[in-house]
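Asks: The following comprises the amino acid sequence and a computationally predicted model.
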Amino acid sequence: MKTFKAVRLIKKIRLAPSRWSFVSVPRKGKTFLWDDRPGIYLLEWWEGPRRRRERAGVSPAEALEALRRKRLELAGALVAEQFPQGKTAESFIAGTPIPEAIEAFLTHVRIHSPAKPSTVQRYQAVMAHMERLLGGCRWVEAVGRAEVERYKAARSSEPPGGGRRAARVHPSTINFELGVLRTFFHFVQRELGVKMENPCARFKRLRDVAQKAQGHTPVYTAEEIRRLLEVCEREDRDAFLTLLLTGLRERELTTLTWDDVRLEPGRECLWVRPKPGFSPKDYEEREIPLPPSLAELLRARPRRSRLVFPNAHGGVEGHLLRRLQRAAARAGIEHATLHKFRHTYATRLLEQGADIVTVQRLLGHSDLETTQRYLNPDVERKRAAVARLDRALLGADVPRLFA
């Protein structure tokens, strides 16, 4: 039977510009005596006749966390090898198997989000990616920041959908997945009682180079909206105008019922609230006032279903994006998306002087930082703002000062 070899903590210390030395980190009882000289910490252990080394960070805190995870990983691998049948590794070491933690997490999501099957499916996909890409980690406690960075690097090099296309997974997709992993580790800490640091608590988001080059959140121009509405049939025009003038998400629009709409003069509004088959994002209900033009449009709509915008059979419409893309192609508009109406709604509200907290409430954002992305104005609006600056600061003295 194989025996478990202890993992040693050593430090690679720079003695001179071209001289390095490896020294063991001594211990006094259970406490390490840390060396203040500059260098990096390494883990060292033996696998049969071969000596292995692995970087453990530059600070004592990083070294201790790496040591803990490596010991747990090696212990789990050894027990799993010695006991392939019968008792499992978790019977011998204090670790939480990743598959069991994932199953508990997904069960929790299904119970608490019964009206959000798409959310459950997306979370399942992320958990599958984690198991696949972190296959070397058997235990939740063995996952640290290094493994999260490995996950980011691996996903960044993969094509979307697992195919062989030249395109790669979009940065926003990976950032979403890291957010799911952060939620997973929070669940592990709170609900399963695992004592560990959340490796995704402060992950660095990937930057979207294409969006950064664009400079601001994409919106429809007034000319694009005019051309789009001119080529639409009435049903599509009503739906797109409602998205534009309320900032609703697609699912919020397609599940909107007449019970959610109030059209009494002077009190026109609609509510986003839970109903069979739908729960608002982040479970946040909200009320959205209706502009007069949209209130008139809704008053004139025929009520052939309990839904305000049903499909041809009176059920929930599932092809609204396809309808938008066909209309956009006829109008000569590129990069048309349903969510772009929401971007336009938020951006124009801020440009018209609405405060950011009001816009946050109208959009249903749980985090103000999400709303702040709409604050980046286009170049012409920046130029107009700067043109007013001299008179605002210097008043009537502008001509004399610069004469």
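Replies: Structure received.

Asks: Mind checking which residue lies nearest the centre of this protein?
Replies: What sits nearest the mean C-alpha location of the chain, by CA atoms, centre = their mean, is Phe176, with 2.6 Å.

Asks: Tell me which residues touch that residue, please.
Replies: Arg122 (CB atoms under 8 Å, 6 or more residues apart in numbering). All C-beta spots, glycine's among them, are computed from the backbone N, C-alpha and C.

Asks: Run the chain-centre distance for the helix or strand where it lies.
Replies: Per DSSP states H and E, Phe176 falls inside helix 171-190. Mean-position distance between helix 171-190 and its chain equals 8 Å (CA atoms, centre = their mean, to the nearest Å).

Asks: Which residue ranges make up the domains of the protein?
Replies: Taking automatic domain parsing as the reference, the chain has its domains at 8-91, 98-214, 222-383.

Asks: okay if I get the ones you listed as TSV plus mean pLDDT?
Replies: Below are the domains of the chain laid out as TSV (pLDDT from 0 to 100):
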stretch	mean pLDDT
domain 8-91	75
domain 98-214	83
domain 222-383	89
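
Asks: and Leu245, how many neighbours?
Replies: Neighbour count for Leu245, taken as other CB atoms under 10 Å: 19.

Asks: Likewise for Trp258?
Replies: Neighbours around Trp258, by other CB under 10 Å: 14.

Asks: Then Arg326?
Replies: Arg326 has 15 nearby residues by other CB under 10 Å.

Asks: which residues touch stretch 226-241?
Replies: Counting by CB under 8 Å, 6+ apart, 220, 253, 294, 297, 301, 309, 317, 320, 323-324, 327-328, 330-333, 336, 341 sit against stretch 226-241.

Asks: Going through these, which ones are buried?
Replies: 220, 253, 294, 297, 309, 317, 320, 323-324, 327-328, 331, 333, 336, 341 (16 or more other CB atoms under 10 Å).

Asks: What about the residues you listed, which are in helices?
Replies: Taking DSSP state H, the ones among those that sit in helices are Leu253, Leu294, Leu297, Leu320, Arg323, Leu324, Ala327, Ala328, Ala331, Phe341.

Asks: Could you check how far the third one is from Glu235?
Replies: To Glu235, Leu297 is 12 Å away according to CB to CB, to the nearest Å.

Asks: between those two, what contacts are shared?
Replies: In contact with both Leu297 and Glu235: no residue, using CB under 8 Å, 6+ apart.

Asks: Would you mind listing the residues in contact with Leu72?
Replies: Leu72 makes contact with Ile93, Gly95, Trp139, Glu141, Ala142 under the criterion CB under 8 Å, 6+ apart.

Asks: Can I have the buried ones of the residues you listed as a PyMOL selection?
Replies: Restricted to buried positions by 16+ other CB under 10 Å, the PyMOL selection for those reads:
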select buried, resi 93+95+139+141+142
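
Asks: Now flag whichever of the contacts of Leu72 is closest to Arg267.
Replies: Nearest to Arg267 among the contacts of Leu72: Glu141, at 55.5 Å, using CB to CB.

Asks: I'd like the distance from that closest one to Arg342, if you could.
Replies: Going from Glu141 to Arg342 by CB to CB gives 40 Å.

Asks: again with Val109
Replies: Using CB to CB, one gets 25 Å for the distance from Val109 to Arg342.

Asks: For the stretch 301-403 of the chain, which segments are assigned as helices?
Replies: Assigned by DSSP state H, counting those that start in this stretch, the helices in the stretch 301-403 of the chain fall at 320-331, 339-351, 356-363, 368-372, 379-387, 389-394, 398-401.

Asks: on contacts alone, who are the packing partners of the third one?
Replies: Which is helix 356-363. If you count contacts as 3 or more CB pairs under 8 Å, 6 or more residues apart in numbering; DSSP states H and E, helix 356-363 packs onto strand 286-289, helix 339-351, helix 368-372.

Asks: rerun at 7 Å
Replies: Helix 356-363 sits against helix 339-351, helix 368-372, with contacts defined as 3 or more CB pairs under 7 Å, 6 or more residues apart in numbering; DSSP states H and E.

Asks: Excluding its own residues, what touches it? List them.
Replies: With CB atoms under 7 Å, 6 or more residues apart in numbering as the test, helix 356-363 has contacts from Gly247, Arg286, Ile288, Ala346, Leu349, Leu350, Leu368, Thr371, Gln372.

Asks: show me the contacts for the third one.
Replies: Neighbouring residues of Ile288 by CB under 7 Å, 6+ apart: Thr246, Cys269, Leu270, Val272, Leu362.

Asks: Report the contact partners of the third one.
Replies: Leu270 makes contact with Thr246, Leu256, Asp260, Val261, Ile288, Leu290, according to CB under 7 Å, 6+ apart.

Asks: Please identify which of those residues is nearest to Gly48.
Replies: Leu256 (65.5 Å).

Asks: and that closest one, how many neighbours does it have?
Replies: Burial of Leu256 is recorded as 24 neighbouring residues (other CB under 10 Å).

Asks: quick one: it and Pro310 touch, right?
Replies: No: using CB atoms under 7 Å, Leu256 is not in contact with Pro310, being 9.9 Å away.

Asks: Please enumerate the helices of the stretch 1-150 of the chain.
Replies: Along the stretch 1-150 of the chain, counting by DSSP H, counting those that start in this stretch, helices occupy 60-82, 98-112, 117-133, 145-156.

Asks: quick one: which of those is nearest Arg52?
Replies: helix 60-82 (9.6 Å).

Asks: nearest spatial neighbour of Arg306, skipping sequence neighbours?
Replies: Once flanking residues are discounted, Arg306 sits nearest to Thr257: 5.1 Å by CB to CB, 6 or more residues apart in numbering.

Asks: wouldn't the one you found be in contact with Phe309 here?
Replies: No: counting by CB under 7 Å, Thr257 does not reach Phe309; the two are 10.0 Å apart.

Asks: Common neighbours of those two, please.
Replies: If you check Thr257 and Phe309 against CB under 7 Å, 6+ apart, no residue is contacted by both.

Asks: which of the contacts of helix 356-363 count as buried?
Replies: Among those, those classed as buried by 16+ other CB under 10 Å are Gly247, Ile288, Ala346, Leu349, Leu350, Thr371.

Asks: Kindly present those residues as a markdown table, with separate columns for distance to Lys70.
Replies: Listed next are the buried ones among the contacts of helix 356-363 as a markdown table, based on distance: CB to CB, whole Å:
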| residue | distance to Lys70 |
| --- | --- |
| Gly247 | 49 |
| Ile288 | 53 |
| Ala346 | 47 |
| Leu349 | 52 |
| Leu350 | 50 |
| Thr371 | 43 |
